[in-house]
Structure formats: C-alpha cells, structure tokens
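Enquirer: Got a sequence here, can you build the structure:
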Amino acid sequence: MELTQELSKTRNIGICAHIDAGKTTVTERILFYTGKNYKMGEVHEGTATMDFLQEEQERGITIQSAATTCPWQRNGIDYRINLIDTPGHVDFTIEVERSMRVLDGAVAVFDGKEGVEAQSETVWRQAERYRVPRLCFINKMDKIGADWEFSFKTIKERLGANAIAMQIPIGSGHELEGIVDLVLMKAYYFTGDSGAIVEEREIPESLAELAELHRHEMVEQACNFDDNLMEKVLEDKEPTPDEIRTAIRKGCIALECNPVFTGAALRNIGVQRLIDGVIDFLPSPIEVPEVQGVNPRDPAEKLTRPHDASAPLSALVFKVVPDAHGDLTYVRVYSGTLKKGERILNPGNNKRENCSRIFEMHANQRQALDGAEAGSIVAVVGLKDSFTGDTLCDADHAILLERMVFPEPVISMSIEPGSADDKRKLGDALAKIRREDPSFRSEYNEETGQTIISGMGELHLEIIKNKLTRDEKVNVQVGKPQVAYRESITGSAEYVRGKFVKQTGGRGQFGDVTINLMPYTKEQAEADEVDFSDNVAFENKIVGGAVPKEYIPSVEAGIRATAKSGILIGFPLINVKVQLVDGSYHAVDSSQVAFEQAARLALTDACQKASITLLEPIMKVVITTPDEYFGNVTGDLSSRRGMIVNTEERGVVRLITAEVPLSEMFGYTTTLRSVTQGRATSSMEPLEYRQMPPNLVKEVVDAK
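Expert: From the prediction side, this is the model:
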C-alpha cells in the first residue's frame, strides 16, 4: 500500500508549445521555485539549464527534449515531478512525439498575445494521439497587446478543447499585477526579487464581476464530471474548493476538459500556482490506464501491466543520447523495478541487455541510482542493442509494448567528406546521429559516390551538419538541400510479365511472374486488413501452383526492394498494390534469386505502363504579417504555387494559412523578411504528399 501512495505523489509531465511561447522560461521558473536550481536561467542570455547544447544557447531555441526531476510541496505533502521540456520548432517534432509517448500529463503553453499558433495545434494533436491529459498556461500576459479573452477563445475554437478558466489575470501588458484564483476567489500577487513571495489579497473591485462570471462557468462545467457536485449545486449549496478541484480533476484525467491557468513566466507571475495545478489536475502514474502490449511469441495475445513496483518489469526506451562514457538511454518504467547491474530482455530483437548504471537526470547533470520503480523516468548506461521505441522487460514475463511511429523526412542533401580520414569517421558519426534521432536518415549512393542525409527541414539538416563538424570533428562539404520526392502511379497495369532467364555453363536461372499493379491507399489497406509496410501492399493470387509456395516470399522481397529504391529517379514508390496472378517455373533452374529478379523486372515494366509520376511534399505554412504587407505576402505565395487556405484578421495583423510545395520554400524566411521589412513571421510543417504537375515532373527527371 505504501508504494501506491508513493506513486500517487509522482507526476510525469511535459511542457510543450509553439516556438517562442515561453516553454523553457516556464521550466526554468519551475526549477527555481521547486528548489532544483538556486538561480533562474534565461533563454535570451543563453543560460537556461534545460537548453544546455551549444546550438540551443546560440540560437535561443530548444532543439532536444531535456528531462529533470524536482520536488514540490502542496498542502504539506511532498510530491515528485518528472519534467520534460520539449522543442517548439517543427523540425524537431520527433522530440515532442517521443516525449508524449511516455508522459502521463502535459502543460500546453500559449503566447498571451498570439493565442493558439500553428505548432500549438501540432503538439496538441500529438497529445491527443497518445491520450495525454493536459492543462493550459496562457503565458506572456505582460507582453504589449496580450489579450487573455482572445487567447482563451482560441484554445476553445482552434483546438476544440473544453477549456475551463481556473484563473484570470489582473491587468495585462505593463500593467499586469497578478492573477485571480477562481476556485478560492482570491487575488494573488508575486513579490520579492524573483516573485517567490506569494501574497493573497481580496479581488480588485474592477474584476469582481468578471471573476464571478468565469467562476459560475467553471462550477457549471465541473458539475458535468461529478454527480455529487451537481446535486449540491442544484440544491443552491456553495461547493467547497476541494469539491470543485476533485470534479475538474476527474474531467481532466478522462480527457474531457482542460483547466486553463495564466501568468507571465519572465515576470515571475503565476508559475507557483501553475505547479499547484499540475499536482491538483494532472494524473499520477496509477491514475492512467495500465500499459498495454502483446506477447512477443504470439502477437495476437494482448497483455497489460499494472503500475506497480512488484509487478514484472516493463519499460520503454524513448530516447538515446550518445555520450563519451557510453550511450545514455532514456527509459520510462511502467511496471516492476529496474535494478542496477540487472540483465533484462529486449523482446523486439530477443537480445539480453545489461543495465550497468542508472541515473536520475537534471538536464545534462546526473545522479546515480540503485534502481528505478514503476512511474520513473531515468537514463540507463550499458544498453547496446536497444533504441528509441524498444521495449525492455523481465525475460520470464516478456511483453512487447507498442512501438512509436516516426515521421518520414521531407528534405535531403548530399554530403561529402573532405579527406580519406574524414571518410572513415563520417560513417561512425552518422550512425551515432541516427541512433540519437530516428527522424534523421542517411544512405550511401553507389552510383554517385555521395552520402545523402535526410531530415525534417532546413534547420534540422543545418544542425546535423554542425554536429558533424563541431562535435564529431568531421570536415564535410554539403550540397544544396533537395526535396525528398516520392514516386507513385496514376493508372493501373494488368498482366505484366517479368521473366528472368540466365544460362551459364552450369545450372541456369529461371523465374517467371505476371503481376497486376494498381493505386492503393492506407485507408484501403486498413479496410482490407493487409500489410501496407512502406506504403506498398502485396497480394498473392496464385492458384494451382503456377509459382511454387517457396518462391512467393522471394517475389514479394523483389517487389518491395524495387519499390524502395524507386523506378523513375530513385525515390521510393508508394501507394501501390501489387497482385501476383501468374507465372511459371523450371524444376531445375528456378531459384529464389531468379524469382526476385523476375519480380523486379515485372514491377519496373508495370510502373511504366501505369503512368509513373512524382509526388511532392506539401507544407502547411502559417504567416503572421502586418495588414499593409498582406498583398505582398499572398502574391509571393502564389508565385510559389501556394494555395491560400484561410486568412484571419487579428487587430492590425493578418494570419495567412497556405499550402505550398516544399521545393518552392527554400530560403523563404529571407524573402518574407525583405517583402515585409522584417515585420512578418512564419512557421512551416509537413502536411502531405501530392501529385506534381507533369511539366515539373519532367524538369525534375531531366535534372537528375
């Protein structure tokens, strides 16, 4: 029982938001007020604890998620908060994705002037996908033009959230003084050099009516989650603060509402009350559903593990960071106890791992532990064959947890080592970065002798290049960024034959297959319940043994390998279905290699007959521009084959949402600055792949 009480005092949370909404500043204040740091770090000074990479300090942005653990006391009870500060830039969305996978709750931070921005929507959707309860913090209420009502409204309208105001600000901009707590109906002011002294006063008269209105709404909403509270309110009895909190906590954990807090982290206003909110409304590990997985020996058998230190061990690797003393493998322990020096199983590859050391992390500092119980987030040293998304478990009670899905890269560029010594070092350096970052890809092109690296955006690749030169000391030359196109077909091809016959001095080679090729989508594959790995479906329709059973896997392997390497100009072929409908074999000369080659020939021929084309990545671009430059910006977007999806007026600025091909967006930030005299901002994220116009396909093919 004691352990359950201990777990109930743990919170595993993430801080997430659009770039520049103030996530890291909020985190720095949390570290200071919880006593984890003795002074506040500032992002703009490059002294933020959680932004410890040189790149982060120079650019003033978060690039990789950083974890820490800090204490907090609420109503005389000691709590432990495991906190992850995540990036806001879309190029590093993988960091948010893998953090959300292992968190029990999240704090979504919003800019008090801008409200919900483009990347806010992305991180919100990621949290939805992993069913992470979250509360909101409307930050930067000290900013000129900050508007709490507007920001609160955007949370409801743009995110479709059931937002419940827990606080309202006292003033805004330079006149921001404190906050009104709608549960206690008291005003709070944060005084002293660092806002550490919290003073409780009566609500200013000018805000009394507004506070009553929002409190009434809050209580009304809370009644939806608790029948006892509903009964009390219907009898015209005043609910206690604890009753209101209990009801809203139920709704938040059930993903039915989102409590909204406010303040200004940079001015040290409201952060302590936000930490109280984390304790009051976000779940402990025992309040989230038991972790689910499958039996690795029989994937049809579903398994669960309770959040209990005495249960069999189950844990998930969610991040790997290369380190001079051995890779740091970040692990969320869901059940059981992970002990130092213990041998554990990775059921995904069936390899045993040695957990030689365990650390509690504080950004880039570490504290050694003897073990980690259910509900912990720790870093482990000693794992050799376990990477992001892998499960770790007790060998006698194996369970395989659901893997993470990583986004496909949308941009690539060539990279060449400067010398023979650099060539030797480059392979190891790229392998190290791939272990650390699953959204990064690299491959060697035999024909051109170039190494091609691929990532999520220009900034992503620029930082990879800096890692190679600065951290790994590899001198490299880089080419211009290239778009990661995909190949697909616009029509179908039936009964296309591929025949591979090779006669040498001894035994020959003979393979003969006939296939049908047609366009196919992920939705169709899900409805038909067929394997659609790498966006290619394969169906065996052979009857009567025209192709012997032992050669069918070789035919599929040939199809998939050809699709992966591309037909037109070497980009992967996607969204197709291949049916093996006929063929023939030779009793002596047929082999697996021959049928693999025959399948390659058939698919290549079928693609030409089915009108092969290119798909290009389309980006969702959101631009905030002063009204007078609206025409300049939309005109420039049109010249880039952009399609304006939505425009919205916000005072003297316009918010433009457009869909633009990635190939047209290189260097866009510089152009935007010049056409708006540096007054507009933009954000960009991958949306989908779409078919290219035929004249542009020809240009790309000719350029290759």
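Enquirer: any idea which helix or strand carries residue 353?
Expert: Here residue 353 sits within strand 351-355, counting by DSSP states H and E.
Enquirer: Summarise which helices and strands the helix or strand following that strand is packed against.
Expert: Next in sequence after strand 351-355, counting helices and strands by DSSP H and E, comes strand 357-362. In terms of contacts (3 or more Cβ pairs under 8 Å, 6 or more residues apart in numbering; DSSP states H and E), strand 357-362 is packed against strand 66-74, strand 328-335, strand 365-369, strand 377-381. For every residue, glycine as well, the C-beta is placed using N, CA and C.
Enquirer: ok now strand 357-362, how far from the chain's centre?
Expert: Averaging C-alpha positions (Cα atoms, centre = their mean, to the nearest Å) puts strand 357-362 23 Å from its chain's average.
Enquirer: Now do it, average pLDDT.
Expert: Mean per-residue pLDDT for strand 357-362: 84.
Enquirer: Okay, now the unreliable bits of this protein?
Expert: By pLDDT under 70, the low-scoring segments of the chain are 1-5, 36-66, 87-93, 324-325, 363-364, 445-449, 504-506.
Enquirer: hang on, the earlier thing: packing partners of the strand holding residue 353?
Expert: For strand 351-355, the elements it packs on are strand 342-346, judged by 3+ Cβ pairs under 8 Å, 6+ apart.
Enquirer: From the contact counts, what lies against the strand it packs on?
Expert: Against strand 342-346 (3+ Cβ pairs under 8 Å, 6+ apart) you get strand 351-355, strand 391-393.
Enquirer: how about the spatially closest residue to residue 233 that is not a sequence neighbour, what does it touch?
Expert: Nearest residue to residue 233 in three dimensions, chain neighbours excluded: residue 223, at 5.5 Å (Cβ to Cβ, 6 or more residues apart in numbering). Residues in contact with residue 223 (Cβ atoms under 8 Å, 6 or more residues apart in numbering) are 229-230, 233, 247.
Enquirer: Name the next helix or strand downstream of the helix or strand containing residue 594, please.
Expert: Residue 594 is part of helix 592-609, with elements assigned from DSSP H and E. As assigned by DSSP H and E, the chain's next helix or strand after helix 592-609 is strand 612-626.
Enquirer: which parts of whatever helix or strand comes next after that following strand are buried?
Expert: Note on strand 612-626: by DSSP H and E, the next helix or strand toward the C-terminus is helix 630-639. Buried residues in helix 630-639, counted by 16 or more other Cβ atoms under 10 Å: 630, 632-634, 636-637.
Enquirer: Save those as CSV, and put in distance to residue 340 too.
Expert: Shown next, in CSV, are the buried residues of helix 630-639 (distance: Cβ to Cβ, whole Å):
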residue, distance to residue 340
630, 61
632, 61
633, 57
634, 60
636, 58
637, 56
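Enquirer: out of those residues, which one sits closest to residue 536?
Expert: residue 637 (34.1 Å; Cβ to Cβ).
Enquirer: how about the nearest residue to that closest one, chain neighbours excluded?
Expert: Nearest residue to residue 637 in three dimensions, chain neighbours excluded: residue 658, at 5.1 Å (Cβ to Cβ, 6+ apart).
Enquirer: Bridged to that neighbour, which residues?
Expert: residue 621, residue 644 (DSSP bridges).
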